[in-house]
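>>> coordinates for the following, if possible.
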Amino acid sequence: MDKPIPAVFVAASLLIASVSVAQGPIPASEKHQLKAPEVQKQIYSAHADAHKDIRDALAAAARERKRVLLVFGGNWCYDCHVLERAFHEGVTGQLLAGSYKLVHVDIGQGEKNPDIAQKYKIDTQKVPSLAVLAASGKLLYSDPGGDFSTARRMTTEDLNAFLMKWQPK
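Purely as a prediction, here's the structure:
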């Protein structure tokens, strides 16, 4: 015997459908969500020295006239893997390679590199989180609210706009 569908579910379905129709079709530019990672890999090395990696990236950025992009996260973080994949594909990959030195800052389970997270105003409860540094080391952008922590819902256009906004002039 089939169970009756509760009225609240019917009402919610009708509301969602009416809102979708009222808003019209989703523009094509909003349909290019970041892709899920195919294979989980170790993005964040357990043996990395984040302080040294940042110093090295700043030196290279100064020589190459680039910015430094710090990505705070952990290997357990699904959205970190989504973002990592996007960083190496298509236009996003070209923007990143042409304008940034990328440094992964491992937060472990929240206990690793707390001094770096604090210095760059990062909440390690919301990862991935990004910080953009000038080659001088000056903090240009920080993501304390975890804007990138739902990378799987981001579009490539949004990510590219972010990278273009903070690239060196």
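>>> from now on I want contacts and neighbour counts done on CA atoms only, so please keep to that.
OK.
>>> go ahead and flag the most central residue of this structure.
Phe148 (3.9 Å; Cα atoms, centre = their mean).
>>> show the model's pLDDT score for that residue.
On pLDDT, Phe148 comes in at 93.
>>> so where do the helices sit in the chain?
For the chain, applying DSSP state H gives helices covering 7-23, 50-64, 78-86, 90-99, 114-119, 156-166.
>>> buried deepest among those, which one?
helix 78-86 (a mean of 23; mean count of other Cα atoms under 10 Å).
>>> next, the angle helix 156-166 makes with it.
With axes from the mean of the first three to the mean of the last three Cα atoms, to 10 degrees defining the directions, helix 78-86 sits at 80 degrees from helix 156-166.
>>> what's the spacing between Lys101 and Lys138?
Distance, Lys101 to Lys138, using Cα to Cα, to the nearest Å: 14 Å.
>>> more neighbours, these two?
Lys101 (24 against 11; other Cα atoms under 10 Å).
>>> which residues sit in contact with the more buried one?
Residues near Lys101 by Cα atoms under 8 Å, 6 or more residues apart in numbering: Ala57, Leu58, Ala60, Ala61, Lys66, Arg67, Val68, Leu69.
>>> farthest-apart pair in the residues you listed, please.
Taking Cα to Cα, the two most distant members of the contacts of Lys101 are Ala60 and Leu69; they sit 12.3 Å apart.
>>> what number of residues lie near the spatially closest residue to Gly146 that is not a sequence neighbour?
Using Cα to Cα, 6 or more residues apart in numbering and skipping residues adjacent in sequence, the residue nearest Gly146 is Lys126, 4.8 Å away. By other Cα under 10 Å, the residues close to Lys126 number 19.
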